[in-house]
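Undergrad: task: produce atomic coordinates for the following.
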Amino acid sequence: MSKTDKKENFVVATKEGRLYIKTSDFFKQKKIKETIEKLKNSKIVKQIEEENNKLAGV
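TA: Numbers count the residues shown, from 1 in each chain. Presented below is the predicted three-dimensional model:
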């Protein structure tokens, strides 16, 4: 198991440089919410949804 360091009470960094962020903290960030909203409205997501609906017979 890797030695870990707690940083700022919500991020854990391993010796190898991996960062672990508590999911609840991550998704509460304003910038993350805005990015997710942009992705949900993006052309590529709409294309994927359309393809999935065709495959599902909807």
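
Undergrad: what helix or strand does residue 47 sit in?
TA: Per DSSP states H and E, residue 47 falls inside helix 43-56.

Undergrad: same check, this time on residue 27
TA: Assigned by DSSP H and E, residue 27 falls in helix 23-28.

Undergrad: can you give me the offset of that helix from its chain's centre?
TA: Once both centres are worked out by Cα atoms, centre = their mean, to the nearest Å, helix 23-28 turns out to sit 9 Å from its chain's centre.

Undergrad: need the contact partners of the helix holding residue 47.
TA: Contacts with helix 43-56, where a contact means Cβ atoms under 8 Å, 6 or more residues apart in numbering, come from residue 39. The C-beta positions use only the backbone N, C-alpha and C, and glycine is treated the same way.

Undergrad: give me the buried positions along whatever helix or strand comes next after the helix holding residue 27.
TA: For helix 23-28, the following helix or strand on the C-terminal side (DSSP H and E) is helix 30-40. By 16 or more other Cβ atoms under 10 Å, helix 30-40 has no buried positions at all.

Undergrad: average model confidence for helix 30-40?
TA: Here helix 30-40 scores 92 as its mean pLDDT.

Undergrad: CA atoms only: put the helix holding residue 27 into PDB for me.
TA: In PDB, the C-alpha atoms belonging to helix 23-28 read as follows (Å, rounded to 0.1, in the frame of the first residue of the first chain):
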ATOM      1  CA  THR A  23     -16.700  12.900  -4.600                       C
ATOM      2  CA  SER A  24     -19.100  15.100  -2.700                       C
ATOM      3  CA  ASP A  25     -16.600  17.900  -2.500                       C
ATOM      4  CA  PHE A  26     -15.600  17.600  -6.100                       C
ATOM      5  CA  PHE A  27     -19.200  17.800  -7.500                       C
ATOM      6  CA  LYS A  28     -20.100  20.800  -5.300                       C
END
